Structures are given as C-alpha cells and as structure tokens.
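A.B. asks: coords please:
(3 chains)
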Amino acid sequence: MPLTRISLRAGKPEAYRQAICDGLYRAMRETFDVPEDDLFMTISELDAANLHYGASYLGVARSDDLVLIQITVSNTRTVDQKKALFRRIAELLSKNPSIRSEDVFINLVEVAKENWSFGHGLAQYAGN
Amino acid sequence: MPLTRISLRAGKPEAYRQAICDGLYRAMRETFDVPEDDLFMTISELDAANLHYGASYLGVARSDDLVLIQITVSNTRTVDQKKALFRRIAELLSKNPSIRSEDVFINLVEVAKENWSFGHGLAQYAGN
Amino acid sequence: MPLTRISLRAGKPEAYRQAICDGLYRAMRETFDVPEDDLFMTISELDAANLHYGASYLGVARSDDLVLIQITVSNTRTVDQKKALFRRIAELLSKNPSIRSEDVFINLVEVAKENWSFGHGLAQYAGN
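C.D. replies: Numbers count the residues shown, from 1 in each chain, chains lettered A, B, ... in the order given. Okay, the predicted model is just below:
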C-alpha cells in the first residue's frame, strides 16, 4: 500500500533510480511488513532550480545527490518500526546505488486503512 | 478543496488526461459533496523508469495504463463516502477515457479543515 | 522539517521560482518557528493541460499564474499559527515575485514528529 514519491536531481542513470526503488521496497518489506508486490512509486527528476535544500540542517552535510523520499502509508506502524525503516533505507541505499546516508531524506505521511483503492473501485483494506 | 495529484505514463493525448480530470471532479461532486468549481489537480507524466508498480498486488492485473491518484481532502467524510468515491471514480474513468478499473489506484490523504488557503492568504474553512 | 511541493505553470524564470522559495522559507521561519536552514522544497513546472483549477472557487479570481503549495509539517502548530503562515506567504509572494494573492493556494499536511529522517537513517525528532 505504500505510495512512494522520490524526488532527486535529474541526470542519474536508470539503473541508479531502479536501485533506489529496489532498496526502498526491500526496506519496507523487512521493517513495515509490506506484502510482496505491494510497490507503487514515482520518481521526479528535477533541475537544480527546482530542488532546494538546506545543506547543513541538523548538522547533516547534504549534497546535490540528495534524495527526498515521501512515503504515504497506513497508520499502523510503531515508532520503533519507523526508526527501523529509516535505518534500513539508509543502509540499503548506501550500498546500492552508493548514496551517502547524509543524502537520504525520508518523510512518512500516515492515513486511515480505508483510504486506499488498489483497483476495481474497491476499498480493499476497509473491511465490510 | 481537494488537491488531486495524478501520475501516469507519458504519452497519453490531452483529451485522455482531460477526461481523467473530468471524471474525478464529477465523482467528487457526487460522493464527497465537493462544491462547484472546487477543482485543483496536477498531472505528472512519467517515463517507464520513473513509474513503478506491483503488476498483480491483491490479485489485480495492472498494466502500463495505471493511473495513480492521490487526493488530499478535509477529514470530514465517512467510510461509506470513501467507498462510494472509489467506486464512482472507477466507473467514470472506465467509461471515459476507457481506463480498465484494474488500473485505477486511489489514495486519500486527510487534513484538518483549517489546513487550506484558497487565496488572499485566508484560511477560508477555519471559521473565525 | 517542512517538505514543500510547489506546482505552477511552466515558463517562469528561475529568479521567479527562487523568489517563491525564499518567500515560503521566510514565512515559515516567522510564523512556524522553523529553524534556520530547514528548507526542503521541490518545484513542478506543468503545462496548461496538466494543471487544472477552479477559476473562481469561493469567489477568488484565479489566473494561470496560480501556484499550488503543499507543505508537509509536524502536527505541532495552532490554528492561529496556520492563519499567520497563510497570511504571511500571501504577503511575501505578492511583493516578490509579484504573485496576486488570489493565485496563492496553500495546503498543509500534518504528520507525527517521528515521521521524519533528515539523514543518516535517524528519526531526529523522535527522541530516544
């Protein structure tokens, strides 16, 4: 169910962007109990003038390789699960495609379980 | 007040994209009591490498015609209204522009009524 | 921490878009107690066919210069702070880059404090 929006500077090869999606999916599977094939992600490639960031907020040294990740999910996870997700995403993206953990920005937006339709006009998580 | 973000593969004609907006607006009018002219929508056209989806999650057979629809609304609707919205969107988009209901993905993000400004720097729904 | 998504019609010069970001940042600093350098913003430039709006909803006369601003923030602000933010954004953007206040649309999405990671895979606002 997560709907993930990835924003980064334009110019990275397709394999690089694919690796980001792969890492996010794996991290969600491992820490958020996301089912197999539950993968919905968009990538926005932005010019420098359209991606603005604080280069040292909270003492983190960010670069133009910054990746902004906004994940909309159901509101069913604990704080510990969220911490585990963040940690795992940073670990996996630092391995492939070698993104510095300083450049991994993540935000979760939580919604009610009935706020999803995965096709057929049904609210698959709403129960009856 | 709904702010709607539509993401789909690049290459669809303008009339196709217009029909999606028309169907969404009509469905919101009918099921969410959205006032006339209360229509704010963006469309992102994405290359294949920038739109990732599970092709069979929950047994729904998705295709490259998948449309991801994320609607931010005030938190005033019932579960039944949400179900009615999802059903109506799928119905209307299947008529025009003939999108298979398998390819209609919808997510609602709910916010407080005071979280909107429709111009003039006012919070029009916040009361005084 | 705010993550801000700005959507507007394509074709505005870079200085115009920079002025929008500057005004938003300043308004957040002044009304939302946003710390220095806490600035994360994306801009989507859209063709006419991909940006739809009600031209007179609530009696506000909008034009093609409409700017849709969606700000995701922690859920720690009062209604008065939200009103002050909206007012200040409209004021500042009307000065520079001279956007009519009718064309400033703002939506806030609120999330829990632990829903942010600003790098290193940590949930910096979650406490221990």
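
A.B. asks: kindly format the C-alpha coordinates of the longest helix belonging to chain A as CSV.
C.D. replies: In chain A, with assignment by DSSP state H, the single longest helix is helix A:14-32. Extracted in CSV, the C-alpha atoms of helix A:14-32 (Å, rounded to 0.1, in the frame of the first residue of the first chain):
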residue,chain,number,x,y,z
GLU,A,14,18.1,4.4,-15.0
ALA,A,15,20.0,1.7,-13.0
TYR,A,16,20.6,4.2,-10.2
ARG,A,17,17.0,5.1,-10.0
GLN,A,18,16.0,1.4,-10.1
ALA,A,19,18.3,0.7,-7.2
ILE,A,20,16.6,3.3,-5.1
CYS,A,21,13.2,1.7,-5.8
ASP,A,22,14.7,-1.7,-5.0
GLY,A,23,16.2,-0.6,-1.8
LEU,A,24,13.0,1.2,-0.6
TYR,A,25,10.9,-1.8,-1.5
ARG,A,26,13.2,-4.2,0.4
ALA,A,27,13.4,-1.9,3.4
MET,A,28,9.6,-1.7,3.6
ARG,A,29,9.2,-5.5,3.2
GLU,A,30,11.7,-6.0,6.1
THR,A,31,10.5,-3.4,8.6
PHE,A,32,6.9,-2.5,7.7
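
A.B. asks: quick one: name whatever helix or strand follows that helix.
C.D. replies: strand A:40-46 (DSSP states H and E).

A.B. asks: can you list contacts of that next one?
C.D. replies: Strand A:40-46 has contacts (CB atoms under 8 Å, 6 or more residues apart in numbering or on different chains) with A:1-12, A:17, A:20-21, A:24-25, B:7, B:44, B:46, B:49-54, B:68, B:105, C:42-44. (C-beta placed from N, C-alpha, C; glycine too.)

A.B. asks: now, of those, which are buried?
C.D. replies: Buried subset of these (neighbour count, 16 or more other CB atoms under 10 Å in any protein chain shown): A:1-9, A:12, A:17, A:20-21, A:24-25, B:7, B:44, B:46, B:50-54, B:68, B:105, C:42-44.

A.B. asks: quick check: closest non-adjacent residue to A:Arg87.
C.D. replies: Nearest residue to A:Arg87 in three dimensions, chain neighbours excluded: C:Gly121, at 4.2 Å (CB to CB, 6 or more residues apart in numbering or on different chains).

A.B. asks: helix, strand or coil: sort out the one you found for me.
C.D. replies: Using DSSP: H, G, I helix; E, B strand; the rest coil, the three-state assignment for C:Gly121 comes out as coil.

A.B. asks: contact partners for whatever residue of chain A ends up closest to chain B?
C.D. replies: At 2.9 Å from chain B, A:Gly121 is the closest residue in chain A, using CB to the nearest CB. A:Gly121 sits next to B:Phe86, B:Arg87, B:Arg88, B:Ile89, B:Ala90, B:Glu91, B:Ser101, B:Val104 when contact means CB under 8 Å, 6+ apart.

A.B. asks: are any of the residues you listed buried, and if so which?
C.D. replies: Among the contacts of A:Gly121, those classed as buried by neighbour count (16+ other CB under 10 Å) are B:Phe86, B:Arg87, B:Arg88, B:Ile89, B:Ala90, B:Ser101, B:Val104.

A.B. asks: sorry, back to before: let's see which of the contacts of A:Gly121 end up in strands.
C.D. replies: Residues of the contacts of A:Gly121 located in strands (DSSP state E): B:Val104.

A.B. asks: turn the contacts of A:Gly121 into a markdown table, including pLDDT.
C.D. replies: Output for the contacts of A:Gly121, formatted as a markdown table (pLDDT from 0 to 100):
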| residue | pLDDT |
| --- | --- |
| B:Phe86 | 98 |
| B:Arg87 | 98 |
| B:Arg88 | 98 |
| B:Ile89 | 98 |
| B:Ala90 | 98 |
| B:Glu91 | 98 |
| B:Ser101 | 98 |
| B:Val104 | 98 |
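
A.B. asks: just name the closest of the contacts of A:Gly121 to C:Arg62, please.
C.D. replies: Ranked by distance to C:Arg62 (CB to CB), these are led by B:Ile89 at 24.5 Å.

A.B. asks: OK, contacts around that closest one?
C.D. replies: Neighbouring residues of B:Ile89 by CB under 8 Å, 6+ apart: A:Ser117, A:Gly121, B:Gly23, B:Leu24, B:Ala27, B:Ile69, B:Val104, B:Ile106.

A.B. asks: need the pLDDT of the first one.
C.D. replies: Which is A:Ser117. According to the prediction, A:Ser117 has pLDDT 98.

A.B. asks: right, and it touches B:Asp103 too?
C.D. replies: No - using CB atoms under 8 Å, A:Ser117 is not in contact with B:Asp103; the gap is 11.5 Å.

A.B. asks: measure A:Ser74 to chain C for me?
C.D. replies: Separation of A:Ser74 from chain C (CB to the nearest CB, to the nearest Å) stands at 13 Å.

A.B. asks: please name the bridge partners of that residue.
C.D. replies: Beta-bridge partners for A:Ser74, by DSSP bridges, are A:Val111.

A.B. asks: what's the burial count for it?
C.D. replies: 16 (other CB atoms under 10 Å in any protein chain shown).

A.B. asks: would you confirm that it contacts A:Glu110?
C.D. replies: Yes - using CB under 8 Å, A:Ser74 makes contact with A:Glu110 at a distance of 7.0 Å.
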